[in-house]
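Asker: sequence unavailable; structure follows:
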Ligand code: DAH
């Protein structure tokens, strides 16, 4: 390696000339100031302060200068590089701040804006109550049964000991499907599911059947042409009215709370013998000071549904041996149960589909 070239005149080395260093420095400073983003600044840094930038190349020339010339050239280039480095750092700070400020603006969430999401719906309280009722019986080992809404007249009436001329047929105002000679109705109660089950299965039978029923009733605060019932049917050996009473007491307690039992009043249904109306102990006054109770209106009891021991004629019509088996059955209004349970004053609220009514019952999954 040869020593330094003492003849070397820095003034003659173009990249180290004062005017040249200044021009390169100024070009760098202009470019730094012009960089509009961190990405652009990165490129400017490479071009003006990187290994192959004019100032870096000039810096390399210094070592080749004669010692007396190095100091001045070194100072000149060093100052220029320092100025560029400082300008880069300052521009970096400014651009980072701008970048962060922009993120804050772009990604800002205005929590005061009115929300416009579609409100969450809620399951209908009749659906929820129907499932809850079914759960009470499923927990006792019963099964849930279903039947069609459009039903054969024979299953809706005749099989249940409601023959064509039976006066009780007029108790249920019926929707007939056209043509009427086809003898098809919209089921007037859930009781045909009893007949369908007995016709297709052998006892023991323990079923509960919640569902929709139809009658030509006026639509008012307590009536609707469509409503919901729950039917229960047990057919087994040795079944008595006592089993019926115990099952209904358990049902009442599950729906309305501890101590709310049932009482039977003699009644008549063609499909049961003996038959009873089921009353529910008033769950508001519990029979105490009932004169002032607005729920039971002084009765201490609320009418809930019908029930009885399955009429042997029904067992026979449905192919069950009445000498071996006995059974009990009951039927209640689900909408009515909902109205008691939740203080719904007008049945129409149950059917009008206003989401404010439904949502008030909360969401159950
Ligand atoms: N099906 C009757 C009705 O809709 C209710 C009923 C009463 C059902 C007595 C029964 C029962 O199973 O045993 O009016």
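Answerer: Perfect, I can see it now. Quick caveat, the model's predicted, so the values are computed rather than measured.

Asker: drop to CA atoms for contacts and neighbour counts, all remaining ones
Answerer: Noted.

Asker: residues touching stretch 274-289, excluding its own?
Answerer: 252, 256-257, 260-269, 293, 295-296, 298-309, 311 (Cα atoms under 8 Å, 6 or more residues apart in numbering).

Asker: now, which of these lie within helices?
Answerer: 252, 256 (DSSP state H).

Asker: which among the contacts of stretch 274-289 count as buried?
Answerer: 252, 256, 260-264, 268-269, 293, 295-296, 298-309, 311 (16 or more other Cα atoms under 10 Å).

Asker: keep only the residues you listed that also lie close to the ligand.
Answerer: 269, 306-308 (Cα under 6 Å from any ligand atom).

Asker: skipping its backbone neighbours, what lies nearest residue 22 in space?
Answerer: Excluding its sequence neighbours, the residue lying closest to residue 22 (Cα to Cα, 6 or more residues apart in numbering) is residue 80, at 7.1 Å.

Asker: burial count for that neighbour?
Answerer: Residue 80 has 21 neighbours, counted by other Cα atoms under 10 Å.

Asker: equivalent analysis for residue 335, please.
Answerer: By other Cα under 10 Å, neighbour count at residue 335 equals 22.

Asker: look up phi and psi at the residue nearest to it when sequence neighbours are not counted.
Answerer: Once flanking residues are discounted, residue 335 sits nearest to residue 228: 6.0 Å by Cα to Cα, 6+ apart. Phi and psi for residue 228, reported as degrees, to the nearest 10, are phi -130, psi 140.

Asker: and stretch 73-93, how far from the chain's centre?
Answerer: 63 Å (Cα atoms, centre = their mean, to the nearest Å).

Asker: circling back to that earlier point, can you pull up the bridge partners for the residue nearest to residue 335?
Answerer: residue 212 (DSSP bridges).

Asker: which parts of stretch 222-239 are buried?
Answerer: 223-225, 227-236, 239.

Asker: list the contacts for the residue nearest to residue 22?
Answerer: Contacts of residue 80 by Cα under 8 Å, 6+ apart are 21-22, 25, 55.

Asker: ok, which stretches of this structure are helices?
Answerer: 18-34, 38-49, 54-62, 67-106, 125-138, 153-156, 192-200, 241-256, 312-317, 334-342, 348-351, 355-359.

Asker: can you put those in JSON lines and add distance to residue 167 and mean pLDDT?
Answerer: Output for these, formatted as JSON lines (distance: least, Cα to Cα, whole Å; pLDDT from 0 to 100):
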{"stretch": "helix 18-34", "distance to residue 167": "100", "mean pLDDT": "93"}
{"stretch": "helix 38-49", "distance to residue 167": "93", "mean pLDDT": "94"}
{"stretch": "helix 54-62", "distance to residue 167": "113", "mean pLDDT": "89"}
{"stretch": "helix 67-106", "distance to residue 167": "77", "mean pLDDT": "92"}
{"stretch": "helix 125-138", "distance to residue 167": "31", "mean pLDDT": "96"}
{"stretch": "helix 153-156", "distance to residue 167": "15", "mean pLDDT": "96"}
{"stretch": "helix 192-200", "distance to residue 167": "18", "mean pLDDT": "98"}
{"stretch": "helix 241-256", "distance to residue 167": "26", "mean pLDDT": "96"}
{"stretch": "helix 312-317", "distance to residue 167": "17", "mean pLDDT": "98"}
{"stretch": "helix 334-342", "distance to residue 167": "26", "mean pLDDT": "93"}
{"stretch": "helix 348-351", "distance to residue 167": "30", "mean pLDDT": "94"}
{"stretch": "helix 355-359", "distance to residue 167": "39", "mean pLDDT": "87"}
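
Asker: and residue 181, which of the ones you listed is closest to it?
Answerer: helix 153-156 (10.4 Å; Cα to Cα).

Asker: can you confirm whether the closest one lies near the ligand?
Answerer: No - using Cα under 6 Å from any ligand atom, helix 153-156 stays clear of the ligand, with a minimum separation of 9.3 Å.

Asker: show residues contacting that helix.
Answerer: So helix 153-156 is contacted by 183-185, 187-189, 191-192, 195-196 (Cα under 8 Å, 6+ apart).

Asker: no more questions from me, cheers.
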